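1. Provided below are the primary sequence and the corresponding predicted coordinates.
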Amino acid sequence: MPRVNDLEMSARIVGVQEVIDRISELSGQVTQQALRRGLYAGARVFRDEARRRVPVRTASLKRSIVAQTRTIRVGKDRIPAGVVTIARKSFAGQATARGTHRVAQGATGGRIQPRRYAHLVEFGTVRAKPRPFMRPAADTKRREALAAVERVMREEVEKAARRAALKPRRPGR
């Protein structure tokens with residue numbers, strides 16, 4: 001009985017060199033764009049899960065969780081990265097036990113700045129127990145985020161390859 005590993009298949013594809021030439025013509029800019037869009041898609045998965053898990057008192061912290069792509073340095077290289085972070089936003093109003101109301105006081109002018117207290121919610125304080133939302137989001141959605149990155153990058157490269165195939169080839173190439 002043949003095993004799966006024993007199965008052999010061969011095929012002859014006509015025009016392989018032309019396809020390889022077209023794919024190699026895809027510029028670095030296209031691959032960078034595909035990478036950035038893929039990383040952003042993965043970051044959105046984490047962002048959505050973190051927003052779902054964050055404790056809500058005024059919804060300011062929930063609204064300030066954002067997904068971005070950034071370029072980071074690794075040694076001498078600069079590489080794109082998908083990032084979920086707390087935005088530098090501030091929201092009108094002040095948190096109270098009864099909800100939110102507008103107050104103009106202090107250095108912030110009565111504005112709620114989630115970036116200043118998000119870490120205290122995540123890790124807790126001497127008086128408040130930790131209520132993690134970012135770490136569990138990353139732990140539970142890792143595979144889904146990687147699948148989103150792969151799916152979007154594949155779509156972007158295929159789209160670029162289709163556009164390249166539609167372009168007329170220049171003489172001498």
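-> Looks like it came in fine.

2. mind listing the helices for the protein?
-> In order along the chain, the chain carries the following helices (DSSP state H): 16-25, 28-53, 60-64, 118-123, 134-140, 142-166.

3. To Gly75, which of the ones you listed lies closest?
-> Put simply, out of the helices of the chain the one that sits nearest Gly75 is helix 28-53, at 18.5 Å, with distance taken as C-beta to C-beta. Where C-beta positions appear, they are placed from N, C-alpha and C, glycine not excepted.

4. circling back: can you put the helices of the chain in a markdown table and add distance to Ala81 and mean pLDDT?
-> As requested, the helices of the chain are exported to a markdown table (distance: least, C-beta to C-beta, whole Å; pLDDT from 0 to 100):
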| stretch | distance to Ala81 | mean pLDDT |
| --- | --- | --- |
| helix 16-25 | 25 | 55 |
| helix 28-53 | 6 | 88 |
| helix 60-64 | 20 | 89 |
| helix 118-123 | 19 | 92 |
| helix 134-140 | 14 | 92 |
| helix 142-166 | 11 | 85 |
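
5. For Val84, find the nearest of those helices.
-> Ranked by C-beta to C-beta, the member of the helices of the chain that lies closest to Val84 is helix 28-53, at 4.6 Å.

6. Buried residues of the closest one, list them for me.
-> Within helix 28-53, the residues that qualify as buried by neighbour count (16 or more other C-beta atoms under 10 Å) are 30, 33-51, 53.

7. same deal with stretch 60-70?
-> Neighbour-count burial for stretch 60-70, counted by 16+ other C-beta under 10 Å, picks out Ser60, Leu61, Lys62, Ser64, Ile65, Val66, Ala67, Thr69.

8. Now do that stretch: everything it contacts.
-> By C-beta atoms under 8 Å, 6 or more residues apart in numbering, the list of residues contacting stretch 60-70 from outside reads 36, 39-40, 43-44, 46-47, 50-51, 54-56, 80-87, 89, 91, 93, 95, 112, 114-115, 117-118, 121.

9. Tell me the buried residues within these.
-> Once neighbours are counted (16+ other C-beta under 10 Å), the buried part of the contacts of stretch 60-70 comes down to 36, 39-40, 43-44, 46-47, 50-51, 54, 80, 82-86, 91, 93, 112, 114, 118, 121.
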